[in-house]
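Novice: fold the following for me, if possible:
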Amino acid sequence: MPVTVTRTTITTTSSSSGLGFPTTVGSPRALAQPLGLLRLLQLISTCVAFSLVASVGAWTGAMGNWSMFTWCFCFAVTLIILIVELGGLQARFPLSWRNFPITYACYAALFCLSASIIYPTTYVQFLSHGRSRDHAIAATTFSCIACLAYATEVAWTRARPGEITGYMATVPGLLKVLETFVACVIFAFISNPYLYQHQPALEWCVAVYSICFILAAVAILLNLGDCTNMLPVPFPSFLSGLALLSVLFYATALVIWPLYQFNEKYGGQPRRSMDISCSNRHAYYVCSWDRRLAVAILTAINLLAYVADLVYSARLVFVRV
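Specialist: Okay, here's the model as predicted:
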């Protein structure tokens, strides 16, 4: 890989960027590169989104707070990334720069996607016509733009076949991000213990979500900290074992959760009309039956993600730079 070093600028042609042309870091010229311009778009769109909402105070309730947190968090971390790259401070950054930007971009894309769906469906539609509603709709639009910008960065910087790159830029690495994010959404839906504490089988499902989340998070943190060599077993073997265990665990949850939540024989409610909490429709509120259904769907999604993870992990030859 040819590298040219000048006084303050490092110009390198990197196959891992997925862009196919030189990138410049440690200089204001980095902002003129496609990836720099894309990150400026991310910064501006998230800034505009939370500014529009904050100017009219349109973020009441848990769902509104989540959306506001998402835009503020993404703005702050994107700003940090731009500062690091403009100053050429990658070597001093406490986390692996081969893995951190794409990991964050993937999380940010998922965060902004969730805000772009949750905010309008649980908040905006209940606002009366006026300035607040107009600002909220505009904020949703900029949230969608931010989501597309982060997703584009992931597509640009992910690993291509035959490239030498960090694990988080590979398909299994990105799947780890998806798995932990979906698990976090599941935790949000089961935040009320009433949904599972009445049945030991449902408590097992919650244990499955927690155990698999922790294992996937450990794999991500090991890569971000460049600590994979600290494991007592080879890292690829660790990943394959983790994926296999998670597939088996999630397969049991996929059967048990719907069975005990929607089958009358096991005390479930097969129809939404049977849930009294779903009789009234209010903003910022998701009734218990909808929460149960959402968890069942998300369990199936995560199981598919873990199956794909297992397939890729079993055949992936991970080469460290």
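Novice: how many residues are close by the closest residue to Ala296 other than its chain neighbours?
Specialist: Of all residues not flanking Ala296 in the chain, Pro258 sits nearest, at 4.8 Å (CB to CB, 6 or more residues apart in numbering). Backbone N, C-alpha and C define where each C-beta goes, glycine included. For Pro258, the tally of surrounding residues (other CB atoms under 10 Å) stands at 20.
Novice: what strand or helix carries Pro258?
Specialist: helix 235-262 (DSSP states H and E).
Novice: tell me the contacts of the residue nearest in space to the middle of the chain?
Specialist: In the chain, the centroid-proximal residue (CA atoms, centre = their mean) is Tyr107; its distance is 3.1 Å. Counting by CB atoms under 8 Å, 6 or more residues apart in numbering, Tyr107 touches 177, 181.
Novice: what residues sit buried inside the host helix or strand of it?
Specialist: If you go by DSSP H and E, Tyr107 is part of helix 100-122. Using 16 or more other CB atoms under 10 Å as the test for burial, helix 100-122 gives 100-116, 118-120, 122.
Novice: repeat for stretch 73-86
Specialist: Neighbour-count burial for stretch 73-86 flags 74-75, 77-78, 81-82, 84-86 (criterion: 16+ other CB under 10 Å).
Novice: thinking again about what came up before, quick one: mean pLDDT over the helix holding Pro258.
Specialist: The average of the pLDDT scores along helix 235-262 is 93.
Novice: against which helices or strands is that helix packed?
Specialist: helix 171-189, helix 200-224, helix 288-315 (3 or more CB pairs under 8 Å, 6 or more residues apart in numbering; DSSP states H and E).
Novice: deepest in the core, which of those is it.
Specialist: Among these, ranked by average contacts under mean count of other CB atoms under 10 Å, first place goes to helix 171-189 (a mean of 21).
Novice: mean confidence for it?
Specialist: Mean pLDDT, helix 171-189: 94.
Novice: any stretches of the stretch 101-250 of the chain with poor pLDDT?
Specialist: Scanning the stretch 101-250 of the chain for pLDDT under 70 picks out 161-164.
Novice: one more time with 80, if that's ok
Specialist: 126-127, 159-165 (pLDDT under 80).
Novice: and which of the buried residues of stretch 73-86 is nearest to Cys147?
Specialist: Cys74 (9.6 Å; CB to CB).
Novice: shouldn't that closest one be in contact with Cys112?
Specialist: Yes: assessed by CB atoms under 8 Å, Cys74 is found in contact with Cys112 at 6.4 Å.
Novice: follow-up on the earlier one: could I get the helices and strands packed on helix 235-262 in a markdown table, plus columns for distance to His135?
Specialist: Formatted as a markdown table, the helices and strands packed on helix 235-262 follow (distance: least, CB to CB, whole Å):
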| stretch | distance to His135 |
| --- | --- |
| helix 171-189 | 25 |
| helix 200-224 | 35 |
| helix 288-315 | 27 |
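Novice: closest to Pro236 out of the ones you listed?
Specialist: The nearest among the helices and strands packed on helix 235-262, by CB to CB, is helix 288-315 at 7.0 Å.
Novice: now for the closest one, which elements pack on it?
Specialist: Looks like helix 288-315 contacts helix 171-189, helix 200-224, helix 235-262 (3+ CB pairs under 8 Å, 6+ apart).
Novice: now Glu264: closest residue in space, sequence neighbours ignored.
Specialist: Nearest non-adjacent residue to Glu264 (CB to CB, 6+ apart): Pro270, at 6.0 Å.
Novice: who touches that neighbour in this structure?
Specialist: 262-264.
Novice: let me know the secondary structure of the closest residue to Ser96 other than its chain neighbours.
Specialist: If the residues on either side of it in the chain are set aside, Ser96 comes closest to Asp226, at 4.7 Å by CB to CB, 6+ apart. Under the three-state scheme (DSSP: H, G, I helix; E, B strand; the rest coil), Asp226 adopts coil.
Novice: quick check: phi and psi at Asp226.
Specialist: With angles defined as degrees, to the nearest 10, Asp226 sits at phi 50, psi 50.
Novice: which residues touch stretch 117-134?
Specialist: Residues from elsewhere that reach stretch 117-134 (CB under 8 Å, 6+ apart): 56-61, 63-64, 66-67, 136-137, 139-140, 143, 283-286.
Novice: start and end of it, how far apart?
Specialist: For stretch 117-134, the first-to-last residue distance is 17 Å (CA to CA, to the nearest Å).
Novice: sorry, back to before: tilt between the helix holding Tyr107 and helix 200-224?
Specialist: Comparing the axes of helix 100-122 and helix 200-224 via axes from the mean of the first three to the mean of the last three CA atoms, to 10 degrees yields an angle of 140 degrees.
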